[in-house]
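Colleague: Fold the stuff below for me.
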Amino acid sequence: APAALPAPSVRAGAALAPLRAGAARRWIVSEVAGYAAWTSLLTFAGAFFIQRLGVRESVAGWLLAGAAGAYLLASVRSGRLSRRWPRRRLIATAALVMAVLLPLMLGAARTTPVAVALFCVLGLAAGTRTPVSASLGLDQLPGQPAAMMAARTGATQLGYLVGAVLGGAVISGAGYPALGLVLAVVMATSAALVRRVDDPADPRP
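Modeller: Below you'll find the predicted structure:
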């Protein structure tokens, strides 16, 4: 921490600046949706493996660790990908991959190896989407990185809350297959919104 550059403080009223800019608002909503879907999966993945697939509790933690490892692997390589592909396209593609895989894992997978494989690919996609989306968000308000960091923190925490509540409500009512479909819609919404966010490094025609 002492070696890091000091971050500029947020001026009074500047914290609301992301809500006044259309592109920044779309990025915030996209980020909330993305975090909600990913968090909902993480929150209930262990219970899914135990209840639906009969995995022992002592094994479920290792399965969760596999997806966490996939997430870490993708996140540390996401910078290279973002230099080769436009960030909006990369984020939207990763989100759409997750939208396709979520119903397959929570609704169609009947064996543990298949579910674990899908879970790890979901981790790879999320590990790509999250850091690249964060870098895109910082560029939404040039000269006000602290305000966008505050907005990202709020979007992240709100996404955690929405994802946990949404997942619990859907599972208790309709079960895991329905949750997969709901989370697919949420991730597809995130992908659609991020395509309408400004990227100074990749201006639209």
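Colleague: which sections of the chain are below the confidence cut-off?
Modeller: In the predicted model of the chain, residues 1, 5-15, 203-205 satisfy pLDDT under 70.
Colleague: Residue 19 is in contact with residue 25, isn't it?
Modeller: Yes - using C-beta atoms under 8 Å, residue 19 makes contact with residue 25 at a distance of 6.0 Å. (C-beta placed from N, C-alpha, C; glycine too.)
Colleague: Give me the more crowded residue out of these two.
Modeller: Neighbours were counted for residue 19 and for residue 25 using other C-beta atoms under 10 Å; residue 25 has more, 16 against 13.
Colleague: Return the residues in contact with the more buried one.
Modeller: By C-beta atoms under 8 Å, 6 or more residues apart in numbering, residue 25 lies in contact with 18, 19.
Colleague: same deal with residue 127?
Modeller: Residue 127 touches 70, 71, 72, 73, 74, 75, 78, counting by C-beta under 8 Å, 6+ apart.
Colleague: Show me what counts as buried in the host helix or strand of residue 74.
Modeller: Assigned by DSSP states H and E, residue 74 belongs to helix 57-84. Buried residues in helix 57-84, counting neighbours by 16 or more other C-beta atoms under 10 Å, are found at 60, 63, 64, 67, 70, 71, 74, 75, 78, 82.
Colleague: can I get the residues you listed in TSV with distance to residue 193?
Modeller: Formatted as TSV, the buried residues of helix 57-84 follow (distance: C-beta to C-beta, whole Å):
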residue	distance to residue 193
60	33
63	31
64	28
67	25
70	25
71	22
74	21
75	21
78	19
82	18
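Colleague: what sits against residue 16?
Modeller: Under the criterion of C-beta under 8 Å, 6+ apart, residue 16 has no contact partners.
Colleague: mind checking how far it is from residue 28?
Modeller: Distance, residue 16 to residue 28, by C-beta to C-beta, to the nearest Å: 12 Å.
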